[in-house]
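J.: below is the structure, and that's it, no one-letter string:
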């Protein structure tokens with residue numbers, strides 16, 4: 001509450017590439033906005049907030065115009081953007097290549113997905129203090145039914161042609177015209193891979209949906225975050241699988257305490273084998289080759305579940321003309337030049353515009369004060385002091401001058 005905690009992206013040693021956006025989440029390509037997980041905001045409430053703010057800005061720009069906005073992705077950010085536009089009477093098309101819910105739809109079963117409530121236009125208060133994946137998806141279904149949102153599923157966006165105000169969005173089902181485009185695709189569409197031999201095998205998966213399908217199998221989960229721990233916990237608790245978890249660090253450090261505690265209990269009861277300080281080196285048909293504490297080790301295995309996060313779809317972003325910025329422990333929203341051009345002040349949030357106006361006023365005030373001080377000193381020097389007679393004197397004569 002007093003500024004002691006600051007949200008930043010990346011850190012000094014390991015940066016993170018995110019799309020360049022301004023205060024209204026407009027990217028380096030004018031008219032294309034990026035919200036939610038794709039822009040670095042994985043928390044559902046923050047993604048919803050971004051979607052609503054982007055909708056407000058777009059509605060201001062299109063006030064009185066009968067033109068459409070194309071929203072790519074029907075996750076929390078995309079749904080919120082659609083609700084915000086609908087509440088302001090702005091036409092839109094909500095496109096989704098997979099299913100409603102975005103990354104949430106791929107969470108492990110009964111994963112706690114949101115811990116705060118949000119206000120949604122046309123619906124009201126949404127969510128509760130603790131909500132599972134299934135409850136959240138059902139909640140989104142109720143929101144869609146009540147508000148009359150139309151989600152066009154099975155539509156994959158392949159490119160964006162044209163310019164701000166006159167885009168042609170190319171999809172696998174044809175092209176559509178749009179004045180603005182909002183990208184809310186998330187990052188899970190491209191899971192991060194291990195980059196080891198054998199990873200293209202059918203035994204390698206990038207998420208857990210139904211633990212029961214692994215009954216009697218030997219399963220290795222790779223990762224140390226909440227998704228990996230929850231997958232291991234579910235497999236050990238809800239199936240007869242022999243479960244092992246491989247994590248490259250010696251200790252778990254980026255997971256919720258509840259998951260850490262439950263995972264520790266399962267390890268202590270020998271229901272999960274923890275392979276800390278380990279890395280997968282090769283995936284073979286009936287085993288996995290690892291390096292554990294610097295020593296090679298083989299693990300008999302039937303399936304590998306990789307949960308090490310998602311990679312930014314850089315290829316698609318570059319194809320549609322959205323520039324990326326590498327953050328090294330920097331706060332989001334810090335003003336910065338985009339592609340060599342400073343962001344348009346008119347596109348900034350009202351609070352940031354007011355701050356900039358105050359800074360400009362201060363600069364003008366200091367400049368005027370500085371000129372005034374110099375004028376006063378010059379006047380004093382030449383009127384009250386013998387400056388006019390002193391400075392033209394030869395060097396020797398100056399020494400005798402009073």
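T.: It's in. These numbers were taken from a predicted model, which means no experiment stands behind them.

J.: so which residue is dead centre in the chain?
T.: For the chain, the residue lying nearest the average C-alpha position, counting by Cα atoms, centre = their mean, turns out to be residue 40 (1.3 Å).

J.: wait, isn't that residue in contact with residue 21?
T.: No. Under the criterion of Cβ atoms under 8 Å, residue 40 is not in contact with residue 21, lying 9.3 Å apart. C-beta here means a position set from N, CA and C on the backbone, and glycine is covered the same way.

J.: confidence score at the residue nearest to the centre of the chain?
T.: The predicted structure scores residue 40 at 70 on the pLDDT scale.

J.: what about the closest residue to it other than its chain neighbours, how many residues close to it?
T.: Nearest in space to residue 40, with sequence neighbours left out and distances taken as Cβ to Cβ, 6 or more residues apart in numbering, is residue 18 at 4.6 Å. Around residue 18 sit 21 other residues, with neighbours defined as other Cβ atoms under 10 Å.

J.: same check on residue 370?
T.: The criterion is other Cβ under 10 Å. On that basis, residue 370 has 10 neighbouring residues.

J.: let me see the ranges of the helices in the chain.
T.: If DSSP state H is used as the criterion, the helices of the chain fall at 44-61, 76-87, 133-147, 226-238, 257-268, 314-319, 350-379, 387-390, 395-400.

J.: which elements pack onto the third one?
T.: This means helix 133-147. Here helix 133-147 is seen to pack against helix 76-87, strand 112-114 when contacts are counted using 3 or more Cβ pairs under 8 Å, 6 or more residues apart in numbering; DSSP states H and E.

J.: where does pLDDT dip in the stretch 251-400 of the chain?
T.: Low-confidence segments of the stretch 251-400 of the chain, defined by pLDDT under 70, span residues 311-312, 327-353, 383-388.

J.: 80 instead?
T.: Low-confidence regions of the stretch 251-400 of the chain, defined by pLDDT under 80, span residues 253-254, 309-315, 325-356, 380-392.

J.: can you give me the pLDDT of the nearest residue to residue 321 once chain neighbours are set aside?
T.: When the adjacent residues along the chain are set aside, residue 321 lies closest to residue 29, with 4.2 Å between them (Cβ to Cβ, 6+ apart). Listed pLDDT for residue 29 reads 91.

J.: what's the neighbour count on residue 29?
T.: The tally of other residues near residue 29 (other Cβ under 10 Å) stands at 22.

J.: who are the neighbours in contact with it?
T.: Going by Cβ atoms under 8 Å, 6 or more residues apart in numbering, residue 29 touches 160, 320, 321, 322, 323.

J.: neighbours of residue 262, how many?
T.: The number of residues packed near residue 262 is 18, by other Cβ under 10 Å.

J.: name the nearest residue to it, ignoring sequence neighbours.
T.: In space, and not counting its chain neighbours, residue 262 is closest to residue 233: 5.5 Å by Cβ to Cβ, 6+ apart.

J.: go on, residue 48?
T.: Counting by Cβ to Cβ, 6+ apart, residue 80 is the residue found nearest to residue 48 once chain neighbours are left out, at 4.2 Å.

J.: isn't that neighbour right up against residue 46?
T.: No. Here residue 80 does not reach residue 46: they are 10.5 Å apart, not a contact under Cβ under 8 Å.

J.: between these two, which is the more surrounded one?
T.: Here residue 80 and residue 46 are set side by side on neighbour count (other Cβ under 10 Å), and the busier one is residue 80, at 30 against 21.

J.: residue 23 versus residue 355, what's the distance?
T.: 10 Å (Cβ to Cβ, to the nearest Å).

J.: compare these two and say which is more crowded by neighbours.
T.: residue 23 (19 against 13).

J.: separation between that one and residue 227?
T.: Separation of residue 23 from residue 227 (Cβ to Cβ) stands at 31 Å.

J.: and for residue 162?
T.: Relative to residue 227, residue 162 is positioned 38 Å away (Cβ to Cβ).

J.: looking at the helices and strands packed on helix 133-147, which has the lowest confidence?
T.: Looking at the helices and strands packed on helix 133-147, the weakest mean confidence is strand 112-114, a mean of 62.

J.: which phi and psi does the closest residue to residue 117 other than its chain neighbours have?
T.: For residue 117, ignoring the flanking residues on the chain, the nearest one in space by Cβ to Cβ, 6+ apart is residue 127 at 4.3 Å. Here is the backbone geometry of residue 127 (degrees, to the nearest 10): phi 100, psi -180.

J.: for residue 127, what are its contacts?
T.: Going by Cβ under 8 Å, 6+ apart, residue 127 touches 45, 114, 116, 117, 118, 136, 139.

J.: adding distance to residue 58 and neighbour count, write the residues you listed out as JSON lines.
T.: Formatted as JSON lines, the entries for the contacts of residue 127 read as follows, by distance: Cβ to Cβ, whole Å; neighbours: other Cβ atoms under 10 Å:
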{"residue": "45", "distance to residue 58": "21", "neighbour count": "17"}
{"residue": "114", "distance to residue 58": "25", "neighbour count": "23"}
{"residue": "116", "distance to residue 58": "25", "neighbour count": "14"}
{"residue": "117", "distance to residue 58": "25", "neighbour count": "14"}
{"residue": "118", "distance to residue 58": "19", "neighbour count": "18"}
{"residue": "136", "distance to residue 58": "26", "neighbour count": "23"}
{"residue": "139", "distance to residue 58": "25", "neighbour count": "19"}
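
J.: and which of those residues is nearest to residue 304?
T.: Residue 304 has its nearest neighbour among those in residue 136, at 27.7 Å by Cβ to Cβ.

J.: how close does the closest one sit to residue 127?
T.: Relative to residue 127, residue 136 is positioned 8 Å away (criterion: Cβ to Cβ).

J.: likewise for residue 174?
T.: Separation of residue 174 from residue 127 (Cβ to Cβ) stands at 36 Å.
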